[in-house]
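In: Let me see the structure of the following:
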Amino acid sequence: MVSQEQRRRQLAREKFLRQQQRRTQARRKSRMRSSVIASVLGVILVGSGALYATGALEQDDDKTNANAEVTPSASAPSKAPDPCEKPAEGKVKSETWKKEPAMSIDKSAKYTLTLDTTCGAIDVDLKASAAPHTVNSFDFLANKGYFDHSKCHRLTTNGIYVLQCGDPTGMGTGGPGYTIPDENLKDKSLKDNIYPAGTVAMANTGQKDSGGSQFFLVYQDSQLPPSYTPFGTLSDAGMKVLQKIAEAGESTGAGDGAPNATVVIDKATVTES
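Out: Numbers count the residues shown, from 1 in each chain. As a prediction, the model looks like this:
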């Protein structure tokens, strides 16, 4: 017999997968429209500008890799008080790259990702040996200032419990211009398809090896298909910051939308210890 809780989780997973498929289809249609417009106007999009303009390669979530969906309602839900500070001055960068950066990290070393956010510092112990491509990409992007001043654009509070970040556009469609392979999908922490609280994992488009820059932080055990690269674990202090963000809720009242908290990554840093 299937319990009500198991059925609820199954329905949540199915809803999540349907959202992933719809988002992927919407991005494809958007890219086709952009291509038609470009040909009509005779505009030549060059290099990173082309990738950025067409919303190429990503997501979202994350779940994960997914942009936040807003469910229309007759009246806007009331918002909890914003527990976070004003963002630091500065603008996000729109630079993209054509291919994954060359491997430059030491796979046997220990690395920490620090997200200095408007809500507090979030430290993540990175799994360099288990997910070297992912950690190497984060090291590269952080050194380029790619994450700086970007919003964490999505919070889910029903079925799965994650905060999604890593998109400079703040819309869930941005990426670095390249993709990285899936890694560490058989991590010992993933039992019964549960991503435990404190896990940091990559978002993707729902396709194999489609991760880019978007990632999600799990604040409560969440049942998901084991297709999202787990590449880090939150520190206790970082977990408290994440829970503070989650407690403020999301903007739609439907369990999947922009966080009510003003979550902006002022600075992202990867350090070797």
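In: what's next to stretch 99-107, contact-wise?
Out: 111, 128-129, 132-133, 135-137, 139-140, 178-180, 272 (C-beta atoms under 8 Å, 6 or more residues apart in numbering). In short, each C-beta sits where N, CA and C put it, glycine included.
In: rerun that using 7 Å as the cut-off
Out: Outside stretch 99-107, the residues within contact range by C-beta atoms under 7 Å, 6 or more residues apart in numbering are Tyr111, Ala128, Ser129, Pro132, His133, Val135, Asn136, Ser137, Asp139, Phe140, Tyr178, Ile180.
In: The spatially closest residue to the second one that is not a sequence neighbour - how many residues pack around it?
Out: What that stands for is Ala128. If the residues on either side of it in the chain are set aside, Ala128 comes closest to Val135, at 4.5 Å by C-beta to C-beta, 6 or more residues apart in numbering. Val135: 24 surrounding residues under other C-beta atoms under 10 Å.
In: ok, now Val270?
Out: 20.
In: do the same with Asp139
Out: Neighbours of Asp139 under the rule other C-beta under 10 Å: 21.
In: does it count as helix, strand or coil?
Out: Look at Asp139: counting by DSSP: H, G, I helix; E, B strand; the rest coil, its state is helix.
In: dump the residue contacts of the nearest residue to it once chain neighbours are set aside.
Out: Closest residue to Asp139 apart from its sequence neighbours, by C-beta to C-beta, 6+ apart: Val270 at 4.4 Å. Neighbour list for Val270: Tyr111, Leu113, Phe138, Asp139, Ala142 [criterion: C-beta under 7 Å, 6+ apart].
In: Mind putting those residues into a markdown table with distance to Leu155?
Out: Below are the contacts of Val270 laid out as a markdown table (distance: C-beta to C-beta, whole Å):
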| residue | distance to Leu155 |
| --- | --- |
| Tyr111 | 26 |
| Leu113 | 20 |
| Phe138 | 21 |
| Asp139 | 26 |
| Ala142 | 23 |
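In: what's near enough to touch the residue nearest to Ala128?
Out: Val135 neighbours (C-beta under 7 Å, 6+ apart): Ile105, Tyr111, Leu126, Lys127, Ala128, Phe231.
In: Looking at these, which is nearest Thr173?
Out: Minimum distance to Thr173 across the contacts of Val135 is 21.7 Å, recorded for Phe231 (C-beta to C-beta).
In: Run me through the strand neighbours of the host helix or strand of the closest one, direction for each.
Out: Following DSSP states H and E, one finds Phe231 within strand 230-234. If you go by DSSP bridges, strand 230-234 pairs up with strand 120-126 (antiparallel), strand 199-202 (antiparallel).
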